[in-house]
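*Asks:* Next one to model:
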Amino acid sequence: MVETMKKWNDRRKKSGSSVCRLSESGIAGIVQRKWFYIIVKELFRKLIHMGTAFVPLVLSFSRPLIVFLLVAALVIYSITEVIRLSGKTVPIVSKITEAAARKRDSDHFVLGPVTLCLGVLFTILIFDYKIATAGVFALAFGDGLASLSGKMFGQCVIPFTQGKTAAGSLACFLAIFISSYAVFGSCVLSLSVAVVGMFIELLPLKDLDNLIIPVIVSAVIRFFFPVIAGI
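*Replies:* I've put the predicted structure just below:
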């Protein structure tokens, strides 16, 4: 009788441990799927973000054309976003917005595309071609890769930045340095604007960094490096 009870207890313990292992593996699977979903969503958002890197290409052919395209995109997006918030959907545009929107923006007007268009628009209207190109690249690659790298590799969170990570800041710095060097071929200029861009990206500006980064980076080049910029 005693041996039978021992065997029964052993089986119960093994069964319990098996249930725990299954439960743990189930939770791990859910966490992995959630992480994968977050990364895919962020990648989709940042691919749109980095698409602004094509603006200087069109700008090199026609400034009026790219200004028209940016204003048209801004107006069309704003109208479709108002329609989306009213409970209706606009084919393609509303789906793209919902797919790219952060959770915090799901029930609000998503400002990201607006500030993105405005940041690029102000930059190409205010500054010369090469300077504007560096500013747009800083936004497209620096800010774009910072968030993606932070989501994928960010383990060390920087205090007082509302979740910004060392990995994201490093990616931002390297992206701006490389893209600026590709435009001007100057280490001093590229290092300076990379530091400035990185610190702006660290600020908890939410979507306003789309507006501030390209303008400030371009202004730093314009006023502190006029000789290198060819002004």
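
*Asks:* pLDDT at D207, what is it?
*Replies:* Looking at D207, its pLDDT is 82.

*Asks:* hang on, it in a helix?
*Replies:* Yes. Counting by DSSP: H, G, I helix; E, B strand; the rest coil, D207 is located in a helix.

*Asks:* That one: what's it in contact with?
*Replies:* Each residue near D207 by Cβ atoms under 8 Å, 6 or more residues apart in numbering is listed here: 111-112, 114-115. In short, each C-beta sits where N, CA and C put it, glycine included.

*Asks:* One more pass at 10 Å, please.
*Replies:* 102, 105, 110-116, 119 (Cβ atoms under 10 Å, 6 or more residues apart in numbering).

*Asks:* where's it relative to L118, distance?
*Replies:* According to Cβ to Cβ, to the nearest Å, D207 and L118 sit 10 Å apart.

*Asks:* Could I get the full set of helices for this structure?
*Replies:* For the chain, helices defined by DSSP state H occupy the ranges 2-50, 55-61, 63-85, 93-100, 112-126, 129-137, 144-153, 166-184, 187-202, 209-224, 226-229.

*Asks:* Point out the most buried one among those.
*Replies:* Counting by mean count of other Cβ atoms under 10 Å, helix 129-137 has the highest mean neighbour count of these, with a mean of 25.

*Asks:* Poorly predicted segments of the chain, please.
*Replies:* The model of the chain has pLDDT under 70 over residues 1-42, 92-106, 154.

*Asks:* Next, the contact list for I131, please.
*Replies:* I131 touches 123-124, 183-184, 217-222, 225-226, 229-231, counting by Cβ under 10 Å, 6+ apart.

*Asks:* circling back: residues in contact with both of D207 and L118, list them for me.
*Replies:* L111.
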